[in-house]
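Q: Quick one, structure for this:
(one chain, ligands or ions: 1)
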Amino acid sequence: MTRIVGVLNVTPDSFSDGGEWVQPQRAVEHGLGLVEQGADIVDVGGESTRPGASRISAREEARRVLPVVRGLAAQGVRVSVDTMKADIARECLEAGAAVVNDVSGGLADPGMPALMATAGVPYVVMHWRGHSDTMDERATYDDVVAEVVGALRARVAALVADGVPAAQLVLDPGFGFAKDAGHNWRLLAHLDAVTALGHPVLVGTSRKRFLGRLPARPGAAVDEAAEPRPPADRDLATAATSLLAAQAGAWAVRVHDVAATRDALAVWEMVQRART
Ligand code: PMM
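A: Below is the predicted model:
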């Protein structure tokens, strides 16, 4: 069954929920609410990765995420920490985090593979081509599916060579990271090529830009010149991508609107039950 990872960004500037949960107490309450709605894991992130975002210091990131990780873990929530920094991951593991979600797949901080070699928790390794300030210009591929799959395979080999147990690696094609809308749709259409790598797969499409421009009605062309819908109006489309991810065998989907995705996944589950 596909798990739901609820997004909890404790950042002032994330593209869809930036600024909403900067107060630790409010953030913890929101995280508990996500669990109530059906999240299996709450993914706490302190550094925005939206295109163009600039980096923050480890001290600032720790200040943002640690009280929230600690608060949620103390209430029995399975917490994932969304960080590219080994020091932050280590402190969050000590504070009770049970998963490390590294959008750079171990490329941003050379200390990360060594930490994950001994951490004994699942490690989400995302396809990544560089930090947010340059990722849009890196969105060039001859064959996005083959190149993302090849890059993920290479990351698995490198991390395993660094001592990270293969059984702990969760792979993520990295929707929206150095990818334009066409690349994202192709990856979504070929998720089976990612699951074929034999690792659990996490899919993070929630509220992303490519879901902001859809055909106005079935059969209509996409109006590329139109203003994209605001992020919060992309949750129905996100529920649909969650269902497609579940059909393709994803281990988990990472979403902001947990309730909508829970219903979409329940539909898929009922159809599967009806088949057998
Ligand atoms: N996307 C964002 C942040 N973290 N982590 C993983 N594993 N996969 C993703 O696709 C991903 C991520 C950016 O979205 P947000 O700003 O809404 O959190």
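
Q: which residues touch Thr49?
A: Each residue near Thr49 by Cβ atoms under 8 Å, 6 or more residues apart in numbering is listed here: Val103, Ser132, Phe177. Just so you know, the C-beta spots here come from the backbone N, C-alpha and C atoms, and that holds for glycine as well.

Q: and which of these is nearest to the ligand?
A: Lowest distance from the ligand to the contacts of Thr49 (Cβ to the nearest ligand atom) belongs to Val103, with 4.9 Å.

Q: How much space separates the closest one from Gly176?
A: 10 Å (Cβ to Cβ, to the nearest Å).

Q: Would you map the strands across the protein?
A: In the chain, the segments counted as strands under DSSP state E are 3-9, 41-45, 79-82, 99-102, 123-126, 169-172, 202-203, 252-255.

Q: And the helices in the chain, which stretches?
A: Under the criterion DSSP state H, the chain carries helices at the ranges 24-37, 58-74, 86-94, 112-119, 144-161, 181-189, 191-195, 235-247, 258-275.

Q: could you redo those helices as CSV and give each row mean pLDDT, distance to the ligand and mean neighbour count?
A: Supplementary listing: the helices of the chain in CSV, determined by pLDDT from 0 to 100; distance: least, Cβ to the nearest ligand atom, whole Å; neighbours: other Cβ atoms under 10 Å:
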stretch, mean pLDDT, distance to the ligand, mean neighbour count
helix 24-37, 97, 13, 18
helix 58-74, 97, 13, 20
helix 86-94, 98, 13, 21
helix 112-119, 98, 14, 20
helix 144-161, 98, 12, 17
helix 181-189, 98, 10, 18
helix 191-195, 98, 12, 18
helix 235-247, 98, 10, 21
helix 258-275, 97, 13, 15
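
Q: Compare the contacts of Thr49 and tell me which is most surrounded.
A: The member of the contacts of Thr49 surrounded by the most neighbours (other Cβ atoms under 10 Å) is Phe177, with 26 neighbours in all.

Q: Tabulate the contacts of Thr49 (TSV), appending distance to the ligand.
A: Converted to TSV, the contacts of Thr49 look like this (distance: Cβ to the nearest ligand atom, whole Å):
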residue	distance to the ligand
Val103	5
Ser132	9
Phe177	7
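
Q: number of nearby residues for the closest residue to the ligand within the chain?
A: Residue nearest to the ligand within the chain: Gly204 (2.3 Å; Cβ to the nearest ligand atom). Look at Gly204: counted by other Cβ under 10 Å, it has 27 neighbours.

Q: which one is it nearest to, not counting chain neighbours?
A: Leaving aside its sequence neighbours, Gly204 sits nearest to Arg254 (Cβ to Cβ, 6 or more residues apart in numbering; 4.0 Å).
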